[in-house]
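[1] quick one: sequence plus predicted model below, questions after.
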Amino acid sequence: MKNKKWPLTFEDAVKQVIVTLTKADKNEIAKFLKKDLIMLHMSLGMKIRNDFGLRQGNEALMQACGSMEPDDVSTSIVEAVWKALKAKEESAK
């Protein structure tokens, strides 16, 4: 099953996640320590797995992320979102 709304690249996936987050969510995620990102596995991570078709055939994104394991792909995307938000927060200071 293919869905045109699914991102096909890692960069597009990260961008799509960021634009869907509220300002409050962005601020909260930016404050996380890297070791605590696992706390997002069943919330943001699950949303990524479901919305981006990681269990429904979005092989292009999985290959772009270097893994065919949905949990690993969503974890990589969450971490990249966190890094981008932290960088934006730091540059605003």
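    The structure has been received and is ready for your questions.

[2] output the longest helix belonging to the chain.
    Ordering each helix of the chain by length in residues (DSSP state H) puts helix 70-91 first.

[3] and that one, what does it pack against?
    Helices and strands touching helix 70-91, by 3 or more C-beta pairs under 8 Å, 6 or more residues apart in numbering; DSSP states H and E, are helix 10-20, helix 23-30, helix 44-51, helix 59-64. (C-beta placed from N, C-alpha, C; glycine too.)

[4] rerun that using 6 Å as the cut-off
    Helix 70-91 sits against helix 10-20, helix 23-30, helix 44-51, with contacts defined as 3 or more C-beta pairs under 6 Å, 6 or more residues apart in numbering; DSSP states H and E.

[5] check the gap between the residue nearest to residue 75 when sequence neighbours are not counted and residue 91 for me.
    Spatial nearest neighbour of residue 75, excluding adjacent residues (C-beta to C-beta, 6 or more residues apart in numbering): residue 45 at 6.5 Å. Going from residue 45 to residue 91 by C-beta to C-beta, to the nearest Å gives 26 Å.

[6] cool, residue 61 as well?
    For residue 61 relative to residue 91 (C-beta to C-beta), the value is 28 Å.

[7] the more surrounded of these two?
    Using other C-beta atoms under 10 Å as the criterion, residue 61 and residue 91 rank with residue 61 on top: 21 against 7.

[8] thinking again about what came up before, now the longest helix of the chain against helix 44-51, angle please.
    120 degrees (axes from the mean of the first three to the mean of the last three C-alpha atoms, to 10 degrees).
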